[in-house]
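Student: need coordinates for the following:
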Amino acid sequence: MRFAVAKHEGLTEDLVAQIDDGYEDSTLSPRHKAVLRFSDAFLRDPHGLSESARAELLEHYSAEQIVELAAGLAMFMGTSKIAVALGNAPSDMPVMELPTPVRPST
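Tutor: Prediction:
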C-alpha cells in the first residue's frame, strides 16, 4: 500500500487543524510556519514576502523545493478559481489521497 507523501512525512489532522489565520501563534514548527508565510504571500501578495521570511524559507527548503511548492500553489490556485467560476465545490467533498508521481531517473 502506498502512503500519501504528506502523511508519510508526518502530516496529521492535528497539524492541519493549526493551519489557520492564527498559525503564527500555533505550535507548528518554524519550518511549517515558513512555508505557510510563503504560501500566504504567494496567494495574496507575491511582492509581500519580506526578506526575513524569504531567508527563513531558504533556511528550511532548497531552491528546488521552493520551485516545486510555487508550481503546486499555482496549480491549486488555478483549479480553485475554476471551481469558483463553475459554482464552487460541493460542501461534502470526500477526502482523497493520491500518490505523488515517481520522478523518472535521469
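Student: gap between stretch 65-78 and the chain center?
Tutor: From the chain centre to the centre of stretch 65-78 is a distance of 8 Å (C-alpha atoms, centre = their mean, to the nearest Å).
Student: list the contacts of it.
Tutor: Applying C-beta atoms under 8 Å, 6 or more residues apart in numbering, the external contacts of stretch 65-78 come out as 35, 38, 39, 42, 43, 57, 58, 61. To be clear about C-beta, it is placed using only N, CA and C from the backbone, and glycine gets the same treatment.
Student: can you rerun that using 10 Å?
Tutor: 35, 38, 39, 42, 43, 46, 54, 57, 58, 60, 61, 62 (C-beta atoms under 10 Å, 6 or more residues apart in numbering).
Student: equivalent analysis for stretch 43-59, please.
Tutor: 30-31, 33-35, 37-38, 40-42, 65-66, 69-70, 73-74, 76-77, 80.
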